[in-house]
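[1] got a predicted structure plus its sequence, pasted below:
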There are 2 protein chains.
Amino acid sequence: MTNVEAPTAERIRNAALVLFSAKGFAATGIRELAEAAGLSSASLYHHMGTKDDLLIEIMKEGHARLTDTAQNALSDADRPEARLARLVQVHVVMHAVYNLECRVIDTEVRSLDTIARKDVVAMRDSYEALWSETLAAGLHEETFQIADVRLATLALIDLCTGVAAWFRTGGDLDAFTVAAHHVDLALSMVSARRNRRAIHAKDMPLLPPEWFTGRWSDATDPAPPAAP
Amino acid sequence: MTNVEAPTAERIRNAALVLFSAKGFAATGIRELAEAAGLSSASLYHHMGTKDDLLIEIMKEGHARLTDTAQNALSDADRPEARLARLVQVHVVMHAVYNLECRVIDTEVRSLDTIARKDVVAMRDSYEALWSETLAAGLHEETFQIADVRLATLALIDLCTGVAAWFRTGGDLDAFTVAAHHVDLALSMVSARRNRRAIHAKDMPLLPPEWFTGRWSDATDPAPPAAP
DNA sequence: GTCTATACTCTGATAGAC
DNA sequence: GTCTATCAGAGTATAGAC
């Protein structure tokens, strides 16, 4: 559960998530990273490539996790409103639980070199396509009222991505509660309706907490520093 | 209109906006900034304090501009739905027109030292209060349907802030069109109603383009590099 | 108001011993 | 697998001439 005696590579990764998300990639020194991971700066390079490589790995892994999780969540949902609800739920829960990783993903695209940036943007685009397709389907069968699919896609993703910036583990709202609220906000935003009645989160087959927890065995955010 | 022969201090500021927004504050070198502004790095310091001071000035000025504009926009709007519409409109238009400045404001809080960060966060809080108060008023008179005012505040601001990340001047949608769409999205999100009927942007007394252009005489974003 | 030259620190990364 | 020592370059900022 906790990170006591975690493998060195993982300790480095966790230290990187903490520092990159708090100060930014460019402002984080290699010595600082080493100290946070409990090594000398030279030893770092036994476990990773360059500092750039470390960022690239974090970003690609994070995007892959997000897309994979979303695709799994969509696999047994047919209706556009159920699919949108799940996209929102997955996005928000991930941005709350993998909070540091998501902050890095969402803010450090500019720190990537041209090649890596191209890869990451492509991953991002294919993830966004899941949203666009869902909105287009809901618009087509008149479940959603949307003036512009592209704009609505960006708006919905912005709405859910913003969570990463203010969510705090241990706050008054847990990840699932925030996600449920956001599902409602999203459904309202696209005026989701069936039989002329507004659809709400409580009418949706949302993913239960266990659905997520079963996928978290490997690599989550590092545990936050203990409260004083 | 253009920046030909602009005062040196302004050229530096513009160069800073371009570089800070594109690469980030920490990743921008002082020599790079000097070159972009057309000076030697030593000459920079005749027109500004430290690199940190330059960021602080940009961020405080931007926050002040945003809050001032919002307060002016609210001065002749009474009803919660009109006030929300104007907050959204101002926020989106500013994030589109002062795109670079807003990107810096929204991403570089972490680059500020403790003292400046405290100031800027306070400015941010008082700006957010305009939104919270508007939502609380609309909830109280049952114009809005909101489960959690704090969460809805953050959600709405996130929705509108996101525009800065993808808006491009000269794209297929101009700032006012995007803002109008976002007003609709925002009103839907809070299920704004009067007499049991949904309220839309077209029913609102939105600010005309002239309202904004009258305020842009002084300092906008630098002109984008000419197309090839 | 702008420059050249420079001080001093920190940067990412490597060499090679243990 | 970790360390100390070190490299070459880039970082911010200043001194002082013009």
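    Received, thanks.

[2] quick one: neighbours of the nearest residue to A:Ala22 once chain neighbours are set aside, just the number.
    Counting by C-beta to C-beta, 6 or more residues apart in numbering or on different chains, A:Ala22 lies nearest to B:Arg110, which is 6.6 Å off, once chain neighbours are set aside. Any C-beta I mention is one placed from the backbone N, CA and C, and that applies to glycine too. Per other C-beta atoms under 10 Å in any protein chain shown, the neighbour tally for B:Arg110 reads 16.

[3] so what's B:Arg110 up against?
    B:Arg110 makes contact with A:Ala22, A:Lys23, A:Gly24, A:Ala27, according to C-beta atoms under 8 Å, 6 or more residues apart in numbering or on different chains.

[4] check A:Leu100 too.
    By C-beta under 8 Å, 6+ apart, the neighbours of A:Leu100 are A:Leu17, A:Val18, A:Phe20, A:Ser21, A:Asp221, A:Pro222.

[5] so which of those is the most crowded?
    Most crowded among the contacts of A:Leu100, counting by other C-beta under 10 Å, is A:Phe20 at 26 neighbours.

[6] what sits closest to that one if chain neighbours are left out?
    Per C-beta to C-beta, 6+ apart, closest to A:Phe20 is A:Val104, 4.8 Å.

[7] got the contact list for the nearest residue to A:Ala64 once chain neighbours are set aside?
    The spatially closest residue to A:Ala64, leaving aside those adjacent along the chain, is A:Met123, at 7.1 Å (C-beta to C-beta, 6+ apart). Neighbour list for A:Met123: A:Lys60, A:His63, A:Ala64, A:Thr67 [criterion: C-beta under 8 Å, 6+ apart].

[8] make a markdown table out of the contacts of B:Arg110 and add distance to B:Leu54 and neighbour count.
    Putting the contacts of B:Arg110 into a markdown table (distance: C-beta to C-beta, whole Å; neighbours: other C-beta atoms under 10 Å in any protein chain shown) gives the following:
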| residue | distance to B:Leu54 | neighbour count |
| --- | --- | --- |
| A:Ala22 | 22 | 12 |
| A:Lys23 | 18 | 15 |
| A:Gly24 | 17 | 23 |
| A:Ala27 | 16 | 16 |
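
[9] of those, which is the nearest to DNA strand D?
    The closest of the contacts of B:Arg110 to DNA strand D turns out to be A:Ala27 (C-beta to the nearest atom of the strand; 10.6 Å).

[10] worst-scoring helix or strand of chain A, pLDDT-wise?
    Across the helices and strands of chain A, mean pLDDT, DSSP states H and E gives its lowest value to helix A:209-213, namely a mean of 93.

[11] quick one: the helix of greatest length in chain A near DNA strand C?
    Ranked by residue count under DSSP state H, the longest helix found in chain A is helix A:114-140. No - using C-beta under 7 Å from any atom of the strand, helix A:114-140 stays clear of DNA strand C, coming no nearer than 13.0 Å.
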